[in-house]
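K.L.:
Sequence first, predicted coordinates after that:
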Amino acid sequence: MTKYYGSSSRGLFSRRSAGAAALKGVSLAVGAGETLAVIGESGSGKSTLGRILLRLTPCTAGKVFFDGQDVLALSETDLRALRRRMNYIFQNPFGAVNRRHTIERVLASPLKAYGLYPDGARRERCEELLEMVHLSPALLDRFPHELSGGQLQRVVIARALATGPDFVVADEPTTGLDVITSAKLVELLKSLKAKLGLSLMFISHDLRTVAQIADRIVVMRKGEIVETGTCSDILANPQHPYTQKLIDSVPRLPESTRAVGSPAQVFATEERREEAGAAIDVAMSARGERTGEPTW
Ligand SMILES: Nc1ncnc2c1ncn2[C@@H]1O[C@H](COP(=O)(O)OP(=O)(O)O)[C@@H](O)[C@H]1O
Ligand SMILES: [Mg+2]
């Protein structure tokens, strides 16, 4: 895949997009049931890559295949059918939901779009989805701003899994969360992936997070893959100086995140803390880009 942003546009991004390619001939595969982590510093092209795979942004040149289907050549109808099987979890959950919709409506929207459950059975399915991510069904009648960033990100994860996808791209899903909540969110994703038999592309700039979940790692820099290998090989024996730099820059954890309990236990504690409201989430939603709701 090769990607130039808006080469002919005079729009908002025309100045910064003049010249450099966001992706330069990137080629990779994600195996069935595999977690492939894509790591690299900000601006290295990770989100562009993930978005192209799901046809959320056009590709300048290249091909994408999903289960034998030529994704970039699909008709809108076939693409819609495929989107049920592929989903994207955005970095900023506050930008990924409609603030005027209740959590029930947020979760029900893909179910409705694909006619997956009859009207009377949808609420129950939404309750199940919340329980799957260790959230209380009582949240169904709340609005996004009444939830913390960690809680809302779990709602977004539940929504991404609602249609029973085979492949999910999680784009820096722990941004803005504290170290423990972040570690537990990744642990949750890992267990859901195993339980549901998903293939996962996990995008991150943080090697510590990636080490928790990846089977294989692709290291990206300035739109190119500089190194790829199994998680243990890359961590133990990085070949590229850039990968070495990423490894050296990982801060040491003050305590083992495993010792603090299971995701469900930690989330329960988090929930109590969050009753008072978490300043970090406000900062995050103010900073984060609006990614918009997915189109089903
Ligand atoms: N919508 C856009 N328009 C123009 N340039 C963009 C756009 N989105 C990303 N870019 C540019 O493409 C490059 C890769 O960005 P991105 O894929 O977001 O990287 P990452 O996710 O690794 O931070 C960057 O140089 C970024 O500035
Ligand atoms: Mg990104």
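P.N.:
Ah, there it is. Ligands and ions are numbered 1, 2, ... in the order given.

K.L.:
could you pull out the strands for the stretch 51-200 of the chain?
P.N.:
65-66, 69-70, 86-89, 167-171, 199-204 (DSSP state E, counting those that start in this stretch).

K.L.:
export those to CSV and tack on mean neighbour count and distance to ligand 1?
P.N.:
Every C-beta, even on glycine, is put in place using the N, C-alpha and C of the backbone. Output for those, formatted as CSV (neighbours: other Cβ atoms under 10 Å; distance: least, Cβ to the nearest ligand atom, whole Å):
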stretch, mean neighbour count, distance to ligand 1
strand 65-66, 15, 20
strand 69-70, 13, 23
strand 86-89, 24, 13
strand 167-171, 24, 7
strand 199-204, 24, 7
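
K.L.:
Output these in TSV, with mean pLDDT appended to each entry.
P.N.:
Formatted as TSV, these follow (pLDDT from 0 to 100):
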stretch	mean pLDDT
strand 65-66	97
strand 69-70	96
strand 86-89	96
strand 167-171	98
strand 199-204	98
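
K.L.:
Can you add distance to residue 182 and give those back as CSV?
P.N.:
What follows is these, written out as CSV (distance: least, Cβ to Cβ, whole Å):
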stretch, distance to residue 182
strand 65-66, 29
strand 69-70, 34
strand 86-89, 14
strand 167-171, 12
strand 199-204, 10
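
K.L.:
Indicate which one of those strands is closest to residue 1.
P.N.:
strand 65-66 (11.5 Å; Cβ to Cβ).

K.L.:
which helices and strands does that closest one pack with?
P.N.:
Counting by 3 or more Cβ pairs under 8 Å, 6 or more residues apart in numbering; DSSP states H and E, no packing neighbours are recorded for strand 65-66 among the helices and strands.

K.L.:
and it, which strands flank it?
P.N.:
Strand pairing for strand 65-66, using DSSP bridges, gives strand 69-70 (antiparallel).

K.L.:
what's the distance between the partner strand and the middle of its chain?
P.N.:
Distance, stretch centre to chain centre, for strand 69-70: 22 Å (Cα atoms, centre = their mean, to the nearest Å).

K.L.:
got the contact list for that strand?
P.N.:
Applying Cβ atoms under 8 Å, 6 or more residues apart in numbering, the set of residues contacting strand 69-70 from outside is 63, 64, 78, 82.

K.L.:
Let me see the contact set for the second one.
P.N.:
Contact partners of residue 64, counting by Cβ under 8 Å, 6+ apart, are 1, 52, 53, 55, 70, 71, 72.

K.L.:
swap the cut-off to 10 Å and go again
P.N.:
The contact partners of residue 64, taken as Cβ atoms under 10 Å, 6 or more residues apart in numbering, are 1, 52, 53, 54, 55, 70, 71, 72, 73, 74.

K.L.:
do residue 100 as well
P.N.:
Residue 100 touches 143, 144, counting by Cβ under 10 Å, 6+ apart.

K.L.:
Check the offset of the longest helix along the chain from the chain's centre.
P.N.:
What stands out as the longest helix in the chain, according to DSSP state H, is helix 179-196. Relative to its parent chain, helix 179-196 has a centroid offset of 12 Å by Cα atoms, centre = their mean.

K.L.:
helices or strands next to that helix in the packing?
P.N.:
Applying 3 or more Cβ pairs under 10 Å, 6 or more residues apart in numbering; DSSP states H and E, we find helix 179-196 packed against strand 35-39, helix 119-132, helix 149-161, strand 167-171, strand 199-204, helix 207-213, helix 263-274.
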